[in-house]
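here is a sequence with its predicted model. Questions after.
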Amino acid sequence: MPTYQTPSGPILGYEDVGHGPALLFLHAFPLHSEMWRAQLGLFSGERRVVAVDFPGFGMSPAAGPGLTLATHAKAVAELARHLGLAPFAAIGLSMGGYVALELASQAPELLSGLVLADSRAGADAPEGAAAREKMAARAEREGIGFVAGEMLPRLLAPSAEPDVVRFARRLIARASPQGVATAQRAMAARRDHHATLERLRVPALVLCGAEDALTPPAESARMASRLSLGRLEILPGGSHLSNLDAEDAFNRALVSFLDQ
């Protein structure tokens, strides 16, 4: 996997496969770009597909403290320009959705479409931000050994196949303590993006696992209601990592949206 030193500072690892109309995949916390392996395989035959590792995850080294989601989005935009990717459809799940919204706010001219999966446009409530700081501090103090055990029951449906659970656990194990801490603090400090949704003038799709308790369907419906060119699809059997535990439904929805 190649890496790119962005002008704004972070070094981003990325996968770049296929040719044709471009897709940019942005991963969930605390996984990395390999979570999109099924989607890369599905689309790379007829599209150019790029999947990015955020700082401190996968092949991207951790950046210094104070990295914000705005900085993440700026670095992703710099990578996209470096690769000559625009215009592209950005597909972000969970934290990847937060970065995609920042990207839509900062550089809407880069986008041909936007997919927000199991994410939200609102800022964290104080109790949510406090819980993120608690995890950030614990990761810095103890490492990430606790992260998979604490998070996987909330990320995947109880019915998720054992292979899917093992796959997600393996990806989480690649995170760095600084990456976990930095990402949690960046998400805790994120801004509200409902106005970004209202300004968006490209086709958009909001996806949500029906069993997602972290960003529930009602939250996704609120996002979709702000979009002038958007629609909502709820994925039966899916939880927060809906591209993994509702893979077929996720892929069908994405294919339908991209082919429209």
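Okay, I see it. Numbers count the residues shown, from 1 in each chain.

was I right to think M151 contacts I172?
Yes - M151 lies in contact with I172 (C-beta atoms under 8 Å); the separation is 7.3 Å. The way it works is simple: take the backbone N, C-alpha and C, and place the C-beta from them, glycine included.

what are the ranges of the helices in the stretch 151-260 of the chain?
162-172, 177-188, 194-199, 217-225, 242-245, 247-258 (DSSP state H, counting those that start in this stretch).

which one of those lies closest to V99?
Comparing the helices of the stretch 151-260 of the chain by their distance to V99 (C-beta to C-beta), the top pick is helix 177-188, with 9.1 Å.

from the chain's centroid, how far away is the closest one?
14 Å (C-alpha atoms, centre = their mean, to the nearest Å).

for the protein, what's the longest helix?
In the chain, with assignment by DSSP state H, the single longest helix is helix 126-142.

still on that earlier bit, looking at M151 and I172, which is more packed in?
Counted by other C-beta atoms under 10 Å, M151 and I172 do not tie: I172 has more neighbours, with 22 against 19.

show me the contacts for the nearest residue to the more buried one once chain neighbours are set aside.
Nearest non-adjacent residue to I172, counting by C-beta to C-beta, 6 or more residues apart in numbering: A148, 4.5 Å away. By C-beta atoms under 8 Å, 6 or more residues apart in numbering, the contact set of A148 is 168-169, 172-173.

quick one: the residue nearest to the spatial centre of the chain from S220, how far?
Computing the C-alpha centroid of the chain and ranking residues by C-alpha atoms, centre = their mean puts G96 first, at 1.8 Å. Going from G96 to S220 by C-beta to C-beta, to the nearest Å gives 15 Å.

likewise for L79?
In this view, L79 and S220 are 27 Å apart by C-beta to C-beta.

low-confidence ranges in the protein?
Low-confidence segments of the chain, defined by pLDDT under 70, are absent.

okay, strands next: where are they in it?
3-5, 11-17, 22-26, 48-52, 88-93, 111-117, 204-209, 230-235 (DSSP state E).

buried ones in the last one, by neighbour count?
The one in question is strand 230-235. By 16 or more other C-beta atoms under 10 Å, the buried positions in strand 230-235 come out as 230, 232-235.

with the second one instead?
Buried residues in strand 11-17, counting neighbours by 16+ other C-beta under 10 Å, are found at 11-16.

from those, which is closest to R141?
Closest approach to R141 among those (C-beta to C-beta): I11, at 25.3 Å.

what sits opposite that closest one in the beta ladder?
Q5 (DSSP bridges).

how many neighbouring residues does L116 have?
By other C-beta under 10 Å, neighbour count at L116 equals 32.

actually D163, sorry about that
Number of residues near D163 (other C-beta under 10 Å) recorded here: 9.

adding distance to Q106, write the contacts of A148 out as JSON lines.
Formatted as JSON lines, those follow (distance: C-beta to C-beta, whole Å):
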{"residue": "A168", "distance to Q106": "30"}
{"residue": "R169", "distance to Q106": "33"}
{"residue": "I172", "distance to Q106": "28"}
{"residue": "A173", "distance to Q106": "32"}
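
now restrict these to buried residues only.
Buried among the contacts of A148 (16+ other C-beta under 10 Å): 168-169, 172.

now, which of those sits nearest A63?
I172 (19.1 Å).

got a list of what that closest one touches?
Neighbour list for I172: 30-31, 144, 147-148, 151-152 [criterion: C-beta under 8 Å, 6+ apart].
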